[in-house]
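Trainee: I would like to see how this sequence folds:
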Amino acid sequence: MSELILTEAILRRFSPLDSLKRENVAALAKKMEIRTLESGKTLLREGDTDKRTYYLVSGTLELTDRSNNVRLMRADSADAHNPITPLLPRRYTVKAVDHVQYLSVDTELLDVMLTWDQTGSYEVNELHNEEHGESDDW
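Mentor: Numbering: from 1, shown residues only. The predicted model follows:
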């Protein structure tokens, strides 16, 4: 399988990355890379507390909970729009069913980017009315 190059279009497939401003997506892309996982390999284990956010780019993952209930996550599904088992500690053990490509980003960095994105920006302009001889006083 050919390796994908991380682009803005790939990042915009995922929530909440799809809501970020272009410059924040570009900055985030510099901190991320597409990684691979071969069939049968484990990405995450139930109970893990790593502070990273994972997204499925291609392939299929098997998510197994502590009761051995299994569900599949396919890259082309609506479920894959969201992070893979985002809650900590992890609630699922996640294994590759086939060759998988995924993204991983530091969750704290992602939170900072989202905060920056939500911060409103404004511009202050001074108003002068010199032709009427008004002073700078209110």
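
Trainee: Run a quick neighbour tally on the closest residue to Thr7 other than its chain neighbours.
Mentor: The shortest distance from Thr7 to any residue other than its chain neighbours is 7.6 Å, reached at Ala29 (Cβ to Cβ, 6 or more residues apart in numbering). From N, CA and C alone the C-beta is placed, and that goes for glycine too. As a burial measure, Ala29 scores 17 neighbours (other Cβ atoms under 10 Å).

Trainee: what do you get for Asp18?
Mentor: 11.

Trainee: State the phi and psi torsions of the residue nearest in space to the middle of the chain.
Mentor: Nearest to the mean C-alpha position of the chain, counting by Cα atoms, centre = their mean, stands Leu17 at 4.9 Å. Here is the backbone geometry of Leu17 (degrees, to the nearest 10): phi -60, psi -30.

Trainee: I'd like the distance from the closest residue to it other than its chain neighbours to Leu20, if you could.
Mentor: Nearest residue to Leu17 in three dimensions, chain neighbours excluded: Leu11, at 4.7 Å (Cβ to Cβ, 6+ apart). Note on Leu11: its distance to Leu20, by Cβ to Cβ, to the nearest Å, is 8 Å.
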